[in-house]
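A.B. asks: Turn this into a structure:
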Amino acid sequence: MTLSRRKFCCAAAGAAALAAQREYDETHRPQFHFTPPRNWINDVNGPVYYQGEYHLFYQHNPFGIEWGNMHWGHAVSRDLLHWEHLPLALAPDRHGTCFSGTAAVDWTNSAGFQQGAEKTLVILYSGVPVPTPPGSAVQCLAYSTDRGRTWKSYERNPVLPHIVGTNRDPKIFWYPPARKWAMALYLDKHDYAFFSSPDLKRWTRESTFTHETATECPDVFRLEDKWIFLGGNGHYYIGTFDGRQFIKETGPFPIDFGANFYASQVWSDIPAADGRTIQMAWMRGGKYPGMPFNQQMSFPCELRLRRFSDGLRVCRTPVREIGKLRGRQHRWTNLAVKPGANPLAGLRGDLFEIQAEIEPGDWAFTIRGARIEYSAARKEISCLGQNAVLEPAQGRVKLQILVDRPSIEIFGNDGRVSMSNCFLAKPEDRSLAFGAQAGAVRASSLVVNELRSIWRL
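C.D. replies: Numbering: from 1, shown residues only. Next up, the predicted model:
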């Protein structure tokens, strides 16, 4: 390449980056949460890791900012922070619009689609005519042989005809002991079914599972030495799975206590050397007036099982990659705060990570007008109308709070409690406050990290 050609390419790349920066700097645009450039998104669909890339698919209407006419949007990232938007993966066809489903890597070439050394990425999704007549939803297969850059529909779709009710949102995963694929499929009301397949094309029904408190969008995955069955609203069971049926042992429990958590999925095919279980959810119900897009995703979180006095629970904490966005830091230790005082009075902004360990007391953070309050008597944390019990651990309440322009995510006591909330701040209000509500309170540590936008140069 000639020098002039290199200069032209660099200039073009710089211009594109500046354009993206301007496009992603709107008043209510999240700065480190995923959104599409324009129009509607909802359910997280089939996140999968392959060859150094985290693939994120999502329900997407590329033609408007309202629900309907569903395609699969597609983006990739190498660090779970910075996303490259790729062309649409799926578009409506003779089977209807493309509802939710799952992606995975076909490591054994079970479906026979592989060409050359590159492994095949597969998608199983629901084809649903709109408006939806009864008995119309079917399950369809698509695949990619070029690292997810282009997708083909299986010529013999559907791979599973309509069964009952709405039957949609297939969750597929490889079950090594049986060397077969497994699928959890939402049927109707609170019922789900499990299927198995040797090749993703032929499916055998194995069992039925009833979720007491959730419908649609199942996610089923192994977490340490247990299996998790999670419904669309984030309520989960802990149990066992033998390739044919899920046996619940305890639950259901809410995995998140906020107002805006729905249709989550964990990444499939994370390398064993990494070993994490990483989850993302749709932050359903957020408001974004005047924006060219509608809805956003949650920040990626790592899931762990921890045992408490009341049993095992799934805990959610932001992935460690959040550290790459930290900028200027403000730190206090052994901070005593009396009513009326505000040690954060000098800080202003819209992107923060707050880390705190606070001794028992009644206190509140006020973030751009939104309050996070703690009651020592009730051992309860509340934010934007949502509440959760959060008992002190070793005499302190430990918090990690992620603040983006239109959202606040709270993680208490290393993820025992998580709360995903959208909020609509006044653009001119960039204030932060931490204060005592009754008597003085003491924070053994309080750290406020200013965060950088993933879109700014």
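
A.B. asks: For residue 145, give me its contacts.
C.D. replies: Counting by CB atoms under 8 Å, 6 or more residues apart in numbering, residue 145 makes contact with 113-116, 118, 120. Quick note: C-beta positions are derived from backbone N, CA and C, even for glycine.

A.B. asks: Break this structure into its domains for me.
C.D. replies: 33-318, 324-451 (automatic domain parsing).

A.B. asks: Quick check: end-to-end length of the first one?
C.D. replies: Distance across domain 33-318, first residue to last, is 12 Å (CA to CA, to the nearest Å).

A.B. asks: As JSON lines, the domains of the chain with distance to residue 23 and mean pLDDT would be great.
C.D. replies: Output for these, formatted as JSON lines (distance: least, CB to CB, whole Å; pLDDT from 0 to 100):
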{"stretch": "domain 33-318", "distance to residue 23": "6", "mean pLDDT": "96"}
{"stretch": "domain 324-451", "distance to residue 23": "15", "mean pLDDT": "97"}
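
A.B. asks: So which of those domains is nearest residue 24?
C.D. replies: Nearest to residue 24, of all the domains of the chain, is domain 33-318, at 7.9 Å by CB to CB.

A.B. asks: and the closest one, how far from the chain's centre?
C.D. replies: Relative to the centre of its chain, domain 33-318 is centred 11 Å away, using CA atoms, centre = their mean, to the nearest Å.

A.B. asks: quick one on the thing from earlier: among the domains of the chain, which is nearest residue 25?
C.D. replies: Relative to residue 25, the nearest member of these by CB to CB is domain 324-451, separated by 9.9 Å.

A.B. asks: measure that closest one end to end?
C.D. replies: Domain 324-451: ends 9 Å apart by CA to CA.

A.B. asks: before we move on, what about stretch 26-45?
C.D. replies: End-to-end span of stretch 26-45 (CA to CA): 26 Å.

A.B. asks: quick one: buried residues of that stretch?
C.D. replies: For stretch 26-45, burial by neighbour count (16 or more other CB atoms under 10 Å) applies to 28-36, 38-45.

A.B. asks: can you tell me how far the closest residue to residue 345 other than its chain neighbours sits from residue 401?
C.D. replies: Once flanking residues are discounted, residue 345 sits nearest to residue 433: 7.0 Å by CB to CB, 6 or more residues apart in numbering. Relative to residue 401, residue 433 is positioned 13 Å away (CB to CB, to the nearest Å).

A.B. asks: coming back round to it: so what's the residue nearest to residue 345 bridging to?
C.D. replies: With DSSP bridges as the criterion, residue 433 is bridged to residue 366.

A.B. asks: The one 10 residues further on now?
C.D. replies: According to DSSP bridges, the residues that bridge with residue 443 are residue 335, residue 358.

A.B. asks: Use 39 as the first number from now on
C.D. replies: That works, and once the first residue is 39, the last one we named lands at residue 481.

A.B. asks: I figured residue 66 hits residue 332, correct?
C.D. replies: No. Assessed by CB atoms under 8 Å, residue 66 is found out of contact with residue 332, at 10.5 Å.

A.B. asks: shared neighbours of the two, anything?
C.D. replies: The contact sets of residue 66 and residue 332 overlap at residue 326 (CB under 8 Å, 6+ apart).

A.B. asks: which residues of this structure fall in helices?
C.D. replies: Applying DSSP state H to the chain gives helices spanning 41-61.

A.B. asks: what residue lies at the spatial centre of it?
C.D. replies: In the chain, the C-alpha nearest the mean C-alpha coordinate belongs to residue 318, at 1.4 Å (CA atoms, centre = their mean).

A.B. asks: Could you check how far that residue is from residue 268?
C.D. replies: Distance from residue 318 to residue 268, counting by CB to CB: 13 Å.

A.B. asks: Touching both of these two, which residues are there?
C.D. replies: Both residue 318 and residue 268 are in contact with residue 302, where contact means CB under 8 Å, 6+ apart.

A.B. asks: For residue 396, list the residues it contacts.
C.D. replies: 412, 434-435, 437, 479-482, 484.

A.B. asks: And residue 71, by the same measure?
C.D. replies: Counting by CB under 8 Å, 6+ apart, residue 71 touches 321, 334-337, 442, 445.

A.B. asks: cool, residue 94 as well?
C.D. replies: Neighbouring residues of residue 94 by CB under 8 Å, 6+ apart: 72, 82, 85, 112-115, 121, 318, 335.

A.B. asks: So which of residue 471 and residue 439 has more stuff around it?
C.D. replies: Applying other CB atoms under 10 Å to residue 471 and residue 439 shows that residue 439 carries more neighbours, namely 21 against 17.

A.B. asks: Report whether the expected contact of the more buried one with residue 448 is present.
C.D. replies: Yes. Assessed by CB under 8 Å, residue 439 is found in contact with residue 448 at 5.3 Å.

A.B. asks: Need the residues touching each of those two.
C.D. replies: Here residue 439 and residue 448 share the contacting residues residue 410, scored by CB under 8 Å, 6+ apart.

A.B. asks: Quick one: the strands in the stretch 189-338 of the chain, in order.
C.D. replies: In the stretch 189-338 of the chain, strands defined by DSSP state E, counting those that start in this stretch lie at 190-191, 206-213, 218-226, 229-235, 242-248, 257-261, 264-268, 273-279, 284-292, 300-304, 316-320, 331-332, listed in chain order.

A.B. asks: Could you measure from residue 322 over to residue 82?
C.D. replies: Taking CB to CB, one finds residue 322 at 11 Å from residue 82.

A.B. asks: still on that earlier bit, the buried residues of stretch 64-83 in strands, which ones?
C.D. replies: Of the positions in the buried residues of stretch 64-83, 77-83 sit in strands, assigned by DSSP state E.

A.B. asks: got those residues as CSV, with distance to residue 234 columns?
C.D. replies: What follows is those, written out as CSV (distance: CB to CB, whole Å):
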residue, distance to residue 234
77, 37
78, 34
79, 31
80, 29
81, 24
82, 24
83, 22
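
A.B. asks: Between those, which sits nearest residue 399?
C.D. replies: The shortest approach to residue 399 among those belongs to residue 82, at 37.4 Å (CB to CB).

A.B. asks: Contacts only, for the closest one.
C.D. replies: Shown in contact with residue 82 (CB under 8 Å, 6+ apart): 94-96, 301-303, 318-320, 335.

A.B. asks: mind running it again at 7 Å?
C.D. replies: Residue 82 makes contacts with 96, 301-303, 318-320, 335, as judged by CB atoms under 7 Å, 6 or more residues apart in numbering.
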